[in-house]
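Undergrad: I would like to see how this sequence folds:
(4 chains)
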There are 2 protein chains.
Amino acid sequence: MPVSIRKPRNRYHHGDLRRALVTATLQILEDHGPEGFTLREAARRAGVEHHSAYRHFADSAAILAAAATAGYAELRDAVAGTLDGMLDDDPDAVERLLAIAREYVAFAVRRPALYRLMTGPRLNESARFEELEEVIGQAYARVQAEITSGIAARQLDRDLDVVEATLTLWAALHGLASLVVMRRIKVRRDQLAAFTNRVVGHTIRGFTRG
Amino acid sequence: MPVSIRKPRNRYHHGDLRRALVTATLQILEDHGPEGFTLREAARRAGVEHHSAYRHFADSAAILAAAATAGYAELRDAVAGTLDGMLDDDPDAVERLLAIAREYVAFAVRRPALYRLMTGPRLNESARFEELEEVIGQAYARVQAEITSGIAARQLDRDLDVVEATLTLWAALHGLASLVVMRRIKVRRDQLAAFTNRVVGHTIRGFTRG
DNA sequence: ACCTGAACACCGTTCAAGT
DNA sequence: ACCTGAACACCGTTCAAGT
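TA: This is a model prediction of the structure:
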């Protein structure tokens, strides 16, 4: 008979089944793409009977929403990290927006299946998921703040509509990332940053001078 | 006993089951979105036992690919029709590219579920579907031709890389259409054309002047 | 509180016939 | 040639227990 340990680990997930299911979902996405996800497979990888997932999520869409939320948080942090890392050099607004673009596209290429989930039809009725909407809003707000301060610094056209410019950049980033991830645009990895600079540069150039 | 008619209509689909399945698929998309499609539901709407679909399609992805092919053909024709309709007035390249943009976004808004199918993850391994790739290529080629002649007419920057400019515009169109269709950007319908002009205008302005 | 287990109505795909 | 029908291994979700 084995010596019993104090902390009862035999309950297996110790209340972390929620996290385990999200982790399993992210793994499934990497292994089999967004279409490979099933609630049952996630439960299988987490080592529990599939019905257990309903203790932590309303339905299978809620698990995907949680994975997408983690993805947007990573994207938001990657963008913020890059911008914060540039603070010392204080480059101009165009450079900072290009840095956002490179980071955004790099994220999509780094996690293609997760990116497709985050922007794909399975999250269509995502208004249900507050936390997801919030973290998307945070990522968006960071981009808008950069454009706002670029205008204030007179490095972008002072007549620019901030909201519309942010949406324009967002659309350009998503469009490019999406086409690259879907392999409709083929770029070598070591060319990706330069390619992103040139493509998004066209749009950002449209933001300068009146 | 009913009078027999010469043409044996009782075979029900007369060999048009393929078309009937694609039509049914397009209807399902309109009714329930891209996630609502199942092979069995398409067969049900076409009035046949579900297995009959395998006589005409390799698998369920092939039915979706056929629906997407029809969608890209419609998009290609809509864009071409708009451009051809402008021939008399001979407007400049910027105006013609904006017309493409408005038509593209209008198509996506007109057929949101079809658009999401056409650009979504379910068509990921679309390289299998020759006809689909071909019709996408045709739509793409029409856009590239406009940019090429815009450069020749000195209305766009002569140093523009035609391929990269086309990819840039394509990304801008897809990004905008996608965000609108996914309801991440909310625009009133009667504002959509003007909004598209302003958003894509930023990018196209990046194509002008050296 | 958290997880199991059986059941239900689906799904795509394969095998074997029917006409 | 084209469609049916039964079967198989899945799926998400619900109901009812188990500890």
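Undergrad: find the nearest non-adjacent residue to residue A:73, please.
TA: Using CB to CB, 6 or more residues apart in numbering or on different chains and skipping residues adjacent in sequence, the residue nearest residue A:73 is residue A:135, 5.2 Å away. Glycine gets a C-beta too; all of them are placed from N, C-alpha and C.
Undergrad: how about the one you found, secondary structure?
TA: Here residue A:135 is helix, with the state taken from DSSP: H, G, I helix; E, B strand; the rest coil.
Undergrad: which ones are touching it?
TA: By CB atoms under 8 Å, 6 or more residues apart in numbering or on different chains, the contact list for residue A:135 reads A:69, A:72-73, A:76.
Undergrad: quickly note the distance from it to residue B:119.
TA: Note on residue A:135: its distance to residue B:119, by CB to CB, to the nearest Å, is 23 Å.
Undergrad: excluding chain neighbours, give the residue nearest to residue A:144 in space.
TA: Nearest non-adjacent residue to residue A:144, counting by CB to CB, 6+ apart: residue A:166, 4.3 Å away.
Undergrad: now do that neighbour against residue A:173, distance only.
TA: To residue A:173, residue A:166 is 11 Å away according to CB to CB.
Undergrad: so between the two, which is more surrounded?
TA: residue A:173 (27 against 19; other CB atoms under 10 Å in any protein chain shown).
Undergrad: which residue packs closest to the more buried one, ignoring adjacent ones?
TA: Nearest non-adjacent residue to residue A:173, counting by CB to CB, 6+ apart: residue A:104, 4.6 Å away.
Undergrad: ok, the one you found touching residue A:74?
TA: No: counting by CB atoms under 8 Å, residue A:104 stays clear of residue A:74, with 11.6 Å between them.
Undergrad: and which of the contacts of residue A:135 is nearest residue B:52?
TA: Proximity of those to residue B:52 was ranked by CB to CB; the top entry is residue A:69 with 41.8 Å.
Undergrad: in the helix or strand harbouring the closest one, what counts as buried?
TA: Here residue A:69 is covered by helix A:60-85, with elements defined by DSSP states H and E. Residues of helix A:60-85 classed as buried: A:60-76, A:78-79, A:82-83 (neighbour count, 16 or more other CB atoms under 10 Å in any protein chain shown).
Undergrad: out of the contacts of residue A:135, who's nearest DNA strand C?
TA: Taking CB to the nearest atom of the strand as the measure, DNA strand C lies nearest residue A:69 of the contacts of residue A:135, at 19.8 Å.
Undergrad: pLDDT value on that closest one, please?
TA: The score at residue A:69 is 96. That number is its pLDDT.
Undergrad: so who does it touch?
TA: Residue A:69 sits in contact with A:129, A:131-132, A:135, where contact means CB under 8 Å, 6+ apart.
Undergrad: could you do residue A:35 as well?
TA: B:121-122, B:124.
Undergrad: quick one: least confident of those residues?
TA: Ranked by pLDDT, the contacts of residue A:35 bottom out at residue B:124 (70).
Undergrad: the closest residue to that residue other than its chain neighbours and DNA strand D, how far apart?
TA: Take residue B:124 and drop its neighbours on the chain: the residue closest to it by CB to CB, 6+ apart is residue A:33, 6.4 Å away. Distance, residue A:33 to DNA strand D, using CB to the nearest atom of the strand, to the nearest Å: 14 Å.
Undergrad: no further queries at this time; thank you.
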